[in-house]
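Undergrad: using only what follows, build the 3D model:
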Amino acid sequence: MDAHMLGQSQMRGSMPRPMLNTLSILEPAREDISVAISKLDLGIEDASKQIKALVTAHHEDLLLYSSNTRHLSGLLASVRQGLDDVESSIDQLRRKLRGPYESLQKQVTRLHRIHEANNALRRIGRFFVLEKRLETLAEGLARYELGPSRMSEGERDRPKDVGAIDGERLSTESHEDKGRVIAKAALTITELGALLDEGSDIEGDQQDASLLGATTAGSSNHVSLCSVNVVAAYIPFISDTRAKVTKEDQSLLASSLQAAYNLRMLPQLVAGLMKDLTDAVERLIRNAFDLSSMSKEIIAKGVIFVTIPAVVSTDPLVLLCCNSSIIIEPQQVSQSLLYKSRVRTEPTSVTAPQFAAALWTRLESLIEQMSSCCVKVYTLEKVLNLKRDPATGISFLDVSMKARISLENKPSSTFWASLGMTLEKCCRDAAKSSTFLQQTLSSGYLRLLRLFHEFFASIALHTDTVYTETHQSPETVVVLRALSTFEGIYLSRSLTRLNEAVSQAFSAGTRAPPSANDGIAIVRLITNELDSARFDPLLLRAVAKNVATTLDNVVTKADALISTERSAVSLLGPLATPQQVLNGQVASCLYYSYTKLSTLMEDHPATVSVLIQPGISKMRTRYDCVINPLLAAIRNEIASITSRIHRVDLQQSVDSMAGMTGPSLYMKDLVNKLDFVKTSILSNFAQEIAGSWIPGIVKYVIKTFVLHASIASPLTEVGKLQLTTDMTELEFALSAFLVDNLQGKRGGSLETVGEEYKMLRAMRPLLFLENSNLGSSERTAGLPPLIVLHHILVRSPIPLPHTLHGWQETEYVRWIEDHSPQEAYSLIESSLMQWQHKSGAGEYTELAWMVLQHAKGEP
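TA: Presented below is the predicted three-dimensional model:
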């Protein structure tokens, strides 16, 4: 490399480009080294002069930067000191709070343990009270077992058959006393078992109980009494007593059945027992509905009516198996207390309360005696199933059913079939023969049904019958179907009450259509009917079917009143049309009906909701058929008025602005239309309905106005001021629209509208921004990118998208409402690509592309 090339490369690499250009012009094609060095010195001197000039020109800025740096370092030091102080304050506050918090936590834990100990002591106290009672009852049972020891020696040695010995040992009265003692002991043992925790089994031995107690005691939420030593010591006694009580109730019957089996009389005995029990139940049911005997009882003021006829039998085995409560001699009624002419069997209006009280007393007694008979039947069946022939191993139940004179079904099945048929026949005959019984039992059917619920509950411990919301045993269903006569009358009256409420609400027709209060009244009546039947799952489903029929009736009557004419959605004014008033009242009734019923269904099981939900859906559909066309008409009217903004001359000169002091004509029309909608249309609906529509209407008005305002062109400074005046007028109108309809409640300002209100407020400063600030997202905060793009295109010579496609402004705004923002961006992007090379459009296309990139999230 020669010296000339080296010098030129150094000059190009270290000198500014203007200096290089100057030197390149002066240097000759070939120069020697001395000339190059001299020119290099000249270049260095020129560069030094330029550096000095730059330093001289910008020394104030450099000094200012240095001063600011020194000042910021001081501020950062003070901030750092402040943060250190805050951290120390936080540490001190933490130390002050930690101690009281830990102390409070310990006290709360201690209080929780005291509550658990208190609960355990209360249960222990109740346990010992019940245990002392059980000891007394066990002593009473022991005295009954010592009965043979009190017999004379001659009577004890005299040979007698088993049945005779048992019959002489316990009299009828001793049976009653012993039965009561056994019942009290069983209840006491049941309550003791509940106190010993849910998972405890007092039938096990002490080792099993202690093991279960240890497991239960491990729970932190519950103290098991089995883990208490003083309580665990009594568990074997409770287990033994329970086993003794369980066997005691069946011992006498088992010995009698064994004697009958030995005498080859078991099938006849079992058949006779079942016949006596079923006949007793039939007589009980007939006497309960016998108005003649009821009348005699009422007439004989002091005479106690006997509902149980005597069981006539000379067989000691039958007397032994039938409880003495069934064997009661009839009382003698004084003839002087009876009417001399005849006995009234149908009560009058004066004696109806006495007859009703006597009837319910008889029914309560009937339930008690039916429970006793049912328990006896199941006890007989259990004993027959447990007792077996020692030689063959065949149970006594199979022997009884396979004999020539035997039962057709099991004793329990025979009992339930006889009970269902007898009860159904007596109910049907009572409803036909006596108006008093029909009215009393149908109006008081819920009370009658509750009596049978008590019957099911009383026999549940001794039988396998279940009657719950999810499962009903066939036996219980058979008994309840026997009451279908009174149930049908009750359901008919319930449906009549519901239909009367609906008919009353719709009785005036178009002259006085149903209102929101009528809808609430209908729902309240439905709620009462469902709540009354809630305790019985079958009745609840039947009432739910009535409710579904009632809802269909409401929908049918509402359809007949709802107007679908053009005048129902006309907004010409100045007052609402009669069709709009009519539809508003009917829609309010439907709204409160389906909303409150939907809330009510949350408290009912799914089986009820499935029946009622279709009717609720129909009411919601009819409600939507009323409000959707009206809301669509309001939106169309608002859009039509707002689109007239494009008829306003927004390119007036400054001189013509002298007469422009108020809002535009279209804005005045829009404000008047909003006032008409508020005072004449929404006032026809319930306040809750109108309150739910108002925010949506306000949002739609703002969105539509901003869209039309963003594409209004051409736009001058005078036009911008006119738009600002219109925005102010619109904001005042919408504020009044909100506050008046919300009755001045808190939250009635435009700020509650949300993003749309921010968009309206941000539109005003957008009109006066410089072009360079239109692409800044900070300066256009609150506005959608589409609005900013429209305004950029309005300022530019580029035509708007709807102009390119030959659309009207209203069609373009409707297209934007029906499509996504991405599709709108694509439409504007295609316009930019087509017109970006147009003269004078460069600045605006760059701004538009910048806004599009921000809208799409591109860097």
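Undergrad: what's the closest non-adjacent residue to Leu783?
TA: Here the nearest residue to Leu783 in space, its sequence neighbours aside, is Ala762; by Cβ to Cβ, 6 or more residues apart in numbering that works out to 4.7 Å. C-betas here are computed from N, CA, C, even on glycine.
Undergrad: which residues outside the helix or strand that contains that neighbour are in contact with it?
TA: Assigning secondary structure by DSSP states H and E places Ala762 in helix 755-766. Residues from elsewhere that reach helix 755-766 (Cβ atoms under 8 Å, 6 or more residues apart in numbering): 698-699, 702-703, 705-706, 709-710, 724, 727, 730-731, 750-751, 774, 779-784, 787-788, 791.
Undergrad: averaged pLDDT, whatever helix or strand comes next after it. What do you get?
TA: Per DSSP H and E, helix 755-766 leads on to helix 785-795 as the next helix or strand towards the C-terminus. Here helix 785-795 scores 86 as its mean pLDDT.
Undergrad: which elements pack onto helix 785-795?
TA: For helix 785-795, the packing partners by 3 or more Cβ pairs under 8 Å, 6 or more residues apart in numbering; DSSP states H and E come out as helix 687-710, helix 755-766, helix 821-835, helix 842-856.
Undergrad: what angle sits between that helix and helix 842-856?
TA: Computed with axes from the mean of the first three to the mean of the last three Cα atoms, to 10 degrees, the direction of helix 785-795 lies at 170 degrees from that of helix 842-856.
Undergrad: renumber starting at 38 from here on
TA: I'll keep to 38 as the first residue from here, and by that count the last item is helix 822-832.
Undergrad: now helix 822-832 against helix 792-803, angle please.
TA: Direction vectors for helix 822-832 and helix 792-803, defined by the same axes, to 10 degrees, enclose an angle of 30 degrees.
Undergrad: report the distance from helix 822-832 to the chain centre.
TA: Shown here is helix 822-832, whose average C-alpha point lies 48 Å from the average C-alpha point of the whole chain (Cα atoms, centre = their mean, to the nearest Å).
Undergrad: check which residues of stretch 517-528 are buried.
TA: Buried residues in stretch 517-528, defined by neighbour count with 16 or more other Cβ atoms under 10 Å: Leu517, Ala519, Leu520, Thr522, Phe523, Glu524, Ile526, Tyr527, Leu528.
Undergrad: helix or strand for the closest residue to the third one other than its chain neighbours, which one?
TA: What it means is Leu520. Closest residue to Leu520 in three dimensions, ignoring its sequence neighbours and counting by Cβ to Cβ, 6+ apart: Cys464, at 6.0 Å. Using DSSP H and E, the secondary-structure element containing Cys464 is helix 448-470.
Undergrad: could you look up the next helix or strand downstream of that helix?
TA: The element immediately downstream of helix 448-470 (helix or strand, assigned by DSSP H and E) is helix 472-480.
Undergrad: pLDDT of that following helix, averaged?
TA: Across helix 472-480, the average pLDDT comes to 90.
Undergrad: tell me the angle it makes with helix 448-470.
TA: Helix 472-480 runs at 120 degrees relative to helix 448-470, counting by the same axes, to 10 degrees.
Undergrad: tell me the buried residues in helix 472-480?
TA: Neighbour-count burial for helix 472-480 [16+ other Cβ under 10 Å]: Phe473, Leu474, Gln475, Thr477, Leu478, Ser479.
Undergrad: who are the neighbours in contact with the second one?
TA: Leu474 sits next to Phe326, Leu328, Leu396, Ala467, Ala468 when contact means Cβ under 8 Å, 6+ apart.
Undergrad: for the fifth one, same thing?
TA: By Cβ under 8 Å, 6+ apart, the residues touching Leu478 are Leu396, Cys464, Ala467, Ala468, Leu485, Phe523.
Undergrad: between those, which sits nearest Leu174?
TA: Compare each of those with Leu174 using Cβ to Cβ and the shortest gap goes to Leu485, at 34.8 Å.
Undergrad: measure how buried the closest one is and give me the count.
TA: Burial of Leu485 is recorded as 21 neighbouring residues (other Cβ atoms under 10 Å).
Undergrad: element containing it, please.
TA: Here Leu485 is covered by helix 482-496, with elements defined by DSSP H and E.
Undergrad: mind listing what's buried in the helix or strand that comes right after that helix?
TA: Reading on from helix 482-496 to the C-terminus, the next helix or strand found by DSSP H and E is helix 511-518. Residues of helix 511-518 classed as buried: Glu512, Thr513, Val515, Val516, Leu517 (neighbour count, 16+ other Cβ under 10 Å).
Undergrad: and for stretch 605-617?
TA: In terms of neighbour count (16+ other Cβ under 10 Å), stretch 605-617 has its buried residues at Ala605, Val606, Leu608, Ala613, Thr614, Gln616, Gln617.
Undergrad: ramachandran coordinates for the fifth one?
TA: If I follow you right, that is Thr614. phi -80, psi 160 (degrees, to the nearest 10).
Undergrad: give the contact list for it.
TA: Taking Cβ under 8 Å, 6+ apart as the contact definition, Thr614 lies against Ser604, Ala605, Ser607.
Undergrad: now with 6 Å?
TA: For Thr614, the set of contacting residues under the criterion of Cβ atoms under 6 Å, 6 or more residues apart in numbering consists of Ser604.
Undergrad: check the fourth one too.
TA: If a contact means Cβ under 6 Å, 6+ apart, then Ala613 has Ser717, Ile718, Asn721 as its contacts.
Undergrad: on the three-state scheme, it is what?
TA: Local secondary structure at Ala613 is given as coil here, using DSSP: H, G, I helix; E, B strand; the rest coil.
Undergrad: the nearest residue to it once chain neighbours are set aside: neighbour count?
TA: Spatial nearest neighbour of Ala613, chain neighbours left out: Ser717 (4.2 Å); criterion: Cβ to Cβ, 6+ apart. By the measure other Cβ under 10 Å, the count of residues near Ser717 is 17.
Undergrad: distance-wise, check the spatially closest residue to Leu532 that is not a sequence neighbour relative to Pro822.
TA: The shortest distance from Leu532 to any residue that is not its chain neighbour, by Cβ to Cβ, 6+ apart, is 4.5 Å, and that residue is Asn583. For Asn583, the distance to Pro822 equals 58 Å [Cβ to Cβ, to the nearest Å].
Undergrad: do the same with Leu771
TA: 24 Å.
Undergrad: compare the two (neighbour count), which wins?
TA: The residue with the greater number of neighbours, taking Leu771 and Pro822 and applying other Cβ under 10 Å, is Leu771; the counts read 25 against 20.
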